[in-house]
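Visitor: Quick one, what's the 3D model for this:
(one chain, ligands or ions: 2)
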Amino acid sequence: MSDRPVRFGLIGFGAWGQHHANAITVTDGAELVAIAARSDTSVAAAKEKYPDAAVYNDYRELVAREDIDFVDVVVPSHLHHAVATAVLQAGKHLLLEKPMGVSMDECDDMIRIANQQKRLFAVGHELRLSSMWGKAKELIDEGFIGDPLYALVELSRNPYRQGADGWRYDIDRVGSWILEEPIHFFDLARWYLERSGQPERIYATANSRQPGRPELQDNFSAIMHFSGGSYAVVSQTLAAFEHHQTAKITGTKGALWASWSGAQDRTRHPTFSLRGFDGNEVVTIPIDKPTGELFELEDQVARVVQAHRSGVPLHCTAEDGRWSVAMCLAAEASVRSGNIVSIGDYIS
Ligand SMILES: NC(=O)C1=CN([C@@H]2O[C@H](COP(=O)(O)OP(=O)(O)OC[C@H]3O[C@@H](n4cnc5c(N)ncnc54)[C@H](OP(=O)(O)O)[C@@H]3O)[C@@H](O)[C@H]2O)C=CC1
Ligand SMILES: O=C1CO[C@H](CO)[C@@H](O)[C@@H]1O
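Guide: Ligands and ions are numbered 1, 2, ... in the order given. As a prediction, this is how the structure comes out:
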């Protein structure tokens, strides 16, 4: 494989897209050659910050360029499908932010086109690359806790940002608030309980602080049962302060307890710890580098570069992204009906 830098185009230059731009520019072997934004303000901001990159106000001009290898899509969730299909149809590899799509049809359509075009398709579930959430996975796989039986992934944080033009508070554009952040935790819980087979059913409940906006669910909890007998609890409140995330995983022999805290999700100065009990003693497990979504974002760009250059497996494939969307939609159906929902109908 050639050693020339992997050439990236970035679509979306909002709060998170700007961090993607930075992650691309600090990654060895990656080059940010073009950015597409929508408003004049974002176009001007992109030009000022990245004078060497071409900046477009129509993403179709970016995808039409022949010299781009990978396109990184960081636009509001209801636009993922339209933008991602244009990228794939133009024959580019794709890194698409979560949620992969807002419906199963969207996910299936994108997977079909990626397969047809034989393109790489990674989804932005970056927590899988974390030195801490990932270390927990490694220990589980090594048998540190025995057979896993239970996983709790929990977040308490401040309210979501509005997003450009308020898309995050418009249910038709955000899809649901489950697709916004609990989707990461479904992905983690499934990863941790991988040895327990497939999840079979889910029960979820939620409520809103705004009586007139019941669809904006500040509090959300779900229980997901796996075929092997284990179960996972995913729980989130947006009615709290700062950003505090915990995972507790227990097995036939021991337990793990990971926690992360920061003034906000995008901090470079978090506190975090991973403690474990292997059935004999409680230990603090050293974490070899800082963890947090800004760090993992850089690791994610590095990973897709390696995948492109040397065929290293993607950290999160389109099938993984699809699975997590399915889980959110099943959870949503359970919240709506008040019933336990069979997951097979969603993931088949
Ligand atoms: N994996 C993770 O941890 C995270 C993932 N995300 C995901 O990333 C995505 C973006 O979120 P975020 O950055 O917070 O949202 P923002 O609203 O802050 O940014 C969205 C950006 O998309 C731009 N945009 C909208 N339409 C177009 C278009 N047609 N062409 C080009 N750009 C367009 C907007 O442009 P303009 O500014 O001109 O209006 C805006 O800059 C979402 O899907 C979100 O779920 C977000 C945070 C963390
Ligand atoms: O991880 C995340 C942090 O919060 C954001 C919302 O504010 C989400 O979009 C995102 O997925």
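
Visitor: Tell me the confidence at whatever residue of the chain ends up closest to ligand 1?
Guide: Proximity of the chain to ligand 1 (C-beta to the nearest ligand atom) peaks at residue 14, 1.8 Å away. Any C-beta I mention is one placed from the backbone N, CA and C, and that applies to glycine too. Predicted confidence (pLDDT) at residue 14: the value is 98.

Visitor: which regions of the stretch 151-300 of the chain lie under the pLDDT threshold?
Guide: Within the stretch 151-300 of the chain, no stretch falls below the threshold (pLDDT under 70).

Visitor: Any residues of it in contact with ligand 1? List them.
Guide: Within the stretch 151-300 of the chain, the positions lying close to ligand 1 (C-beta under 6 Å from any ligand atom) are 163, 164, 167, 180, 293.

Visitor: any idea how far the third one lies from residue 36?
Guide: Which is residue 167. Look at residue 167 and residue 36: by C-beta to C-beta, to the nearest Å, they are 17 Å apart.

Visitor: Same drill for the two, tell me which one is more crowded.
Guide: More neighbours surround residue 36 than the other of residue 167 and residue 36, with 27 against 17 (other C-beta atoms under 10 Å).

Visitor: Surely that one is in contact with residue 58?
Guide: Yes - at 6.8 Å, residue 36 counts as touching residue 58 under the criterion of C-beta atoms under 8 Å.

Visitor: Report the separation between the closest residue in space to residue 164 that isn't next to it in sequence and ligand 2.
Guide: Using C-beta to C-beta, 6 or more residues apart in numbering and skipping the chain neighbours, the partner closest in space to residue 164 is residue 14 (5.3 Å). To ligand 2, residue 14 is 10 Å away according to C-beta to the nearest ligand atom, to the nearest Å.

Visitor: same check, this time on residue 17
Guide: 12 Å.

Visitor: quick check, the top helix by length along the chain touching ligand 2?
Guide: Among the elements of the chain assigned as helix by DSSP state H, the one spanning the most residues is helix 318-337. No - Helix 318-337 lies out of reach of ligand 2 by C-beta under 6 Å from any ligand atom, never closer than 11.2 Å.

Visitor: Tell me the buried residues in that helix?
Guide: Applying a neighbour-count criterion of 16 or more other C-beta atoms under 10 Å, one finds 318, 320-335 buried in helix 318-337.

Visitor: Check which element follows it along the chain.
Guide: Next helix or strand after helix 318-337 toward the C-terminus (DSSP states H and E): strand 341-342.

Visitor: What sits closest to residue 292 if chain neighbours are left out?
Guide: Going by C-beta to C-beta, 6+ apart, residue 292 has residue 270 as its nearest residue, at 4.8 Å.

Visitor: do residue 19 as well
Guide: Nearest residue to residue 19, sequence neighbours excluded (C-beta to C-beta, 6+ apart): residue 297, at 5.7 Å.

Visitor: Likewise for residue 242?
Guide: Spatially, and ignoring its direct neighbours in sequence, residue 242 is nearest to residue 263 (5.5 Å; C-beta to C-beta, 6+ apart).

Visitor: Correct me if wrong: that neighbour contacts residue 271.
Guide: No - using C-beta under 8 Å as the test, residue 263 is too far from residue 271 to be in contact (10.4 Å).

Visitor: tell me the secondary structure for the one residue in the stretch 101-250 of the chain that gets nearest to ligand 2?
Guide: In the stretch 101-250 of the chain, no residue comes nearer to ligand 2 than residue 160, which is 4.4 Å away by C-beta to the nearest ligand atom. Recorded secondary structure, residue 160: coil (DSSP: H, G, I helix; E, B strand; the rest coil).

Visitor: contacting residues for it?
Guide: Residues near residue 160 by C-beta atoms under 8 Å, 6 or more residues apart in numbering: 168, 169, 177, 180, 181, 238.
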